[in-house]
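Engineer: sequence below, structure please.
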Amino acid sequence: MRVELLVVTDCPNERPTFERLRQALDDAGHEDTPIAVRIVTEDTVGSIPAFAGSPTVVIDGADPFAEQVSPGAGLSCRVYRSAAGMAGAPSLDDLSRAVAR
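Structural biologist: Numbering: from 1, shown residues only. Presented below is the predicted three-dimensional model:
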């Protein structure tokens, strides 16, 4: 399994997303799966089709939350739907479901 976390510099939601993603992977028995953190810049954003705002989780080349994406996210912050409303990071439950797919 290849897991990436795509972020812009100083993204305030990078850490909680990374920590929840790490927990979801560990809980699913993927303790040895690394999470590659990739910084997205103005120069690279056009070459990363999976990037839908910061942070974006990519598992095996696909964004498991792609149905929530608005076109033209660019280098903006990303929001995720959750049981509590909109959030800057996916929930642990949502990440656990994404890892299990």
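Engineer: contacts, neighbours, all on C-alpha from now
Structural biologist: Noted.
Engineer: for stretch 20-36, how far is the first residue from the last?
Structural biologist: Stretch 20-36 stretches 14 Å from its first residue to its last (CA to CA, to the nearest Å).
Engineer: buried stuff in it?
Structural biologist: In terms of neighbour count (16 or more other CA atoms under 10 Å), stretch 20-36 has its buried residues at 20, 21, 22, 23, 24, 25, 35.
Engineer: what are the contacting residues of that stretch?
Structural biologist: Stretch 20-36 is contacted by residues 1-5, 18, 91-93, 95-96, 99-100 when judged by CA atoms under 8 Å, 6 or more residues apart in numbering.
Engineer: please apply the same query to stretch 76-83.
Structural biologist: With contact meaning CA under 8 Å, 6+ apart, stretch 76-83 is reached by 11, 52-56, 68, 86-91.
Engineer: which of those are buried?
Structural biologist: 11, 52, 53, 54, 55, 56, 88, 89, 90, 91.
Engineer: next, format those residues as JSON lines and append secondary structure.
Structural biologist: Converted to JSON lines, the buried ones among the contacts of stretch 76-83 look like this (DSSP: H, G, I helix; E, B strand; the rest coil):
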{"residue": "11", "secondary structure": "coil"}
{"residue": "52", "secondary structure": "coil"}
{"residue": "53", "secondary structure": "coil"}
{"residue": "54", "secondary structure": "strand"}
{"residue": "55", "secondary structure": "coil"}
{"residue": "56", "secondary structure": "strand"}
{"residue": "88", "secondary structure": "coil"}
{"residue": "89", "secondary structure": "coil"}
{"residue": "90", "secondary structure": "coil"}
{"residue": "91", "secondary structure": "coil"}
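Engineer: redo those as CSV? Include pLDDT and distance to residue 82.
Structural biologist: Converted to CSV, the buried ones among the contacts of stretch 76-83 look like this (pLDDT from 0 to 100; distance: CA to CA, whole Å):
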residue, pLDDT, distance to residue 82
11, 94, 19
52, 89, 17
53, 91, 17
54, 95, 17
55, 96, 15
56, 95, 15
88, 93, 10
89, 96, 9
90, 95, 7
91, 95, 7
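Engineer: adding distance to residue 74, write those out as CSV.
Structural biologist: What follows is the buried ones among the contacts of stretch 76-83, written out as CSV (distance: CA to CA, whole Å):
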residue, distance to residue 74
11, 14
52, 7
53, 6
54, 9
55, 12
56, 12
88, 16
89, 17
90, 19
91, 22
